[in-house]
Structure formats: structure tokens, C-alpha cells
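1. sequence and predicted structure below; questions after.
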Amino acid sequence: MRKTIACLAVSMLMIGSLPSHAWARVGDCSRKDYSAIKAEIVAQRDSMATLYASAGADQRLTLVVAARKLVLDVIAKQLFPPWMGTPWDFNGITQKPGEGKIACGYFVTTILRDAGFGVERAKLAQQASLKIIRTVCPADQIKDYGGIDVPELVRRMGKLPQGLYIVGLDIHTGFIANGPKSVDFIHASYGNPRVVVHEVALKSAVLAQSKRFVLGRVDNDEFLKKWLLKQPIPTL
């Protein structure tokens with residue numbers, strides 16, 4: 001068992017090493033049915049969950065690290081790409097990329113659900129962005145920046161752990177990928193061209209319109225443990 005966990009951890013640590021500019025721009029997911037992608041992700045999660053259930057304390061720490069790499073990798077390479085270009089609508093609730101329309105909150109919660117987190121997709125999507133973030137991230141890890149511009153936000157992101165964050169704006173929400181070379185904004189945009197987009201944060205007109213930025217890290221340890229335990233995650 002210990003050897004199996006160690007080997008799995010090493011293999012997981014090898015995937016997640018993409019630079020931030022590769023977020024949502026890699027993979028060949030277009031050749032796969034989206035339902036098949038989701039099924040593969042759940043199977044991977046379930047395999048790790050089985051190991052986690054029988055692991056000791058030290059081994060569980062190793063599996064959390066491996067889970068972080070896996071979750072970031074599947075979101076970046078398998079879930080984000082198919083959604084690019086899907087039309088935005090304030091009332092959009094589609095569950096399949098490229099078909100129908102999607103609102104910003106539904107985009108966030110759909111990605112979380114499809115990555116294997118037990119969130120209440122519809123109920124969570126209908127909450128204010130701060131409630132979405134509080135459901136995902138422990139309160140003491142949430143960052144709330146008011147009265148700053150996007151260049152200052154990017155500067156502050158440089159002092160935070162690299163990873164994937166949910167960002168709450170004045171009237172909008174989405175993901176920020178905080179990488180070693182770039183800070184990127186992935187969201188169902190209400191601004192032109194009103195589709196799901198991946199853009200460099202410093203060039204985002206939507207980000208520039210906000211006077212407040214609330215950040216909660218998706219790949220925090222507590223949320224990842226819930227992923228590994230396959231726990232339902234009630235909306236706060």
C-alpha cells in the first residue's frame with residue numbers, strides 16, 4: 001500500500017507543472033465527448049479516494065499534494081478548453097459546453113462539480129460570489145482587496161500561493177489562475193464578445209471595471225480533502 005501511494009503521488013506531481021500561460025489552451029479535449037471527460041475525472045478521483053480512505057496520516061498528506069496537482073491539471077487541460085467560446089447569458093444554466101448559454105456563477109460551479117467536488121451546482125451558482133468563495137475556502141484564507149486596480153491585484157497575487165482561485169468582483173465572478181509567469185482570468189464574460197474566455201488579467205476590461213476583488217483558493221487543503229473523501233459540500 002505504501003509503495004502504491006508513493007508511486008501515485010510521484011505520477012501526480014509530474015502533471016500539474018504546466019506554466020500558467022498554458023491554462024485553458026492545451027489538450028485535445030475537443031476530440032472527446034464532455035461526458036466522457038467527466039467520467040474519467042470521477043474515476044481518477046475515486047481511485048485516489050480509495051487510497052486516501054486506507055492511508056495513514058503521513059500518506060494522506062502526500063495524497064493531498066497529489067490531489068492538488070491532479071485537480072489543477074484536469075481543470076486546466078480537460079475542463080476549461082471545451083468551454084471556451086460558449087455564449088454568456090445572465091440566466092444561462094447549460095451544463096454542456098458549446099450548447100446553450102452559461103452565466104458567470106454557473107460557469108464556476110459547473111467546473112467545480114465536473115472536477116469531482118460535491119458542490120450544489122445550481123444552489124451555489126445562485127449565491128453572491130462571496131458565498132461561493134466561503135463555501136469553497138476557509139474564512140481565514142480568503143483575501144478581500146478593495147480600492148485597488150488590476151496591476152496592484154496582480155502584484156498582490158505574486159505574494160499568494162500559486163494555484164487556482166475563485167474571484168468575486170463587484171457584479172461578477174470567475175477563476176484566476178495564479179502561475180509563475182502570468183495571472184490569468186477565466187470566466188463567462190458579460191463583456192464583449194460575451195462568451196467564456198481566458199485572458200491575461202492585466203488585459204481584462206471586466207476586471208478593470210471592478211473596485212473590489214475577493215479571492216478564495218480552490219486548491220486549498222480542506223477543499224481537497226473533501227474531494228478525496230467524496231463529501232457533499234453544502235452551500236453556506
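-> Okay, I see it. Numbering: from 1, shown residues only.

2. next structured bit after the helix or strand containing residue 132?
-> Mapping residue 132 onto the secondary structure by DSSP states H and E places it in helix 129-136. Remark: after helix 129-136, the chain's next helix or strand is strand 143-146, criterion DSSP H and E.

3. and that next one, what does it pack against?
-> helix 150-157, strand 212-217 (3 or more C-beta pairs under 8 Å, 6 or more residues apart in numbering; DSSP states H and E). Bear in mind the C-beta positions are built from the backbone N, C-alpha and C, glycine included.

4. give the buried residues for it.
-> Neighbour-count burial for strand 143-146, counted by 16 or more other C-beta atoms under 10 Å, picks out 143, 145.

5. can you list the neighbours in contact with it?
-> 152, 153, 156, 160, 211, 212, 213, 214, 215, 216 (C-beta atoms under 8 Å, 6 or more residues apart in numbering).

6. just checking: what are the partner strands of that strand?
-> If you go by DSSP bridges, strand 143-146 pairs up with strand 212-217 (antiparallel).

7. show me what the helix or strand just after the strand it pairs with is packed against.
-> Once the chain leaves strand 212-217, the next helix or strand it forms, by DSSP H and E, is helix 221-229. Helix 221-229 is packed against helix 34-54, helix 57-74, with contacts defined by 3+ C-beta pairs under 8 Å, 6+ apart.

8. tell me the mean pLDDT for helix 221-229?
-> Averaged across helix 221-229, pLDDT comes to 98.

9. list the buried residues for that helix?
-> Buried residues in helix 221-229 (16+ other C-beta under 10 Å): 223, 224, 226, 227, 228.

10. can you pull the contacts of the fourth one?
-> By that I understand residue 227. 45, 67, 71, 115, 116, 117.

11. how about the nearest residue to the fourth one once chain neighbours are set aside, what does it touch?
-> Put plainly, it is residue 115. Take residue 115 and drop its neighbours on the chain: the residue closest to it by C-beta to C-beta, 6 or more residues apart in numbering is residue 75, 5.4 Å away. Listed by C-beta under 8 Å, 6+ apart, the contact set of residue 75 reads 111, 115, 164, 218.

12. what would these look like in JSON lines with neighbour count?
-> As requested, these are arranged in JSON lines below (neighbours: other C-beta atoms under 10 Å):
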{"residue": "111", "neighbour count": "22"}
{"residue": "115", "neighbour count": "22"}
{"residue": "164", "neighbour count": "24"}
{"residue": "218", "neighbour count": "26"}
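
13. of these, closest to residue 94?
-> Nearest to residue 94 among the contacts of residue 75 is residue 111, at 12.7 Å by C-beta to C-beta.

14. got a pLDDT number for the residue nearest to residue 149 when sequence neighbours are not counted?
-> Spatially, and ignoring its direct neighbours in sequence, residue 149 is nearest to residue 208 (7.3 Å; C-beta to C-beta, 6+ apart). Residue 208 carries a pLDDT score of 98 in this model.

15. what do you get for residue 8?
-> pLDDT, residue 8: 51.

16. swap in residue 152?
-> 98.

17. how about it: what's its closest non-neighbour residue?
-> Using C-beta to C-beta, 6+ apart, the nearest residue to residue 152 is residue 145, at 7.8 Å.
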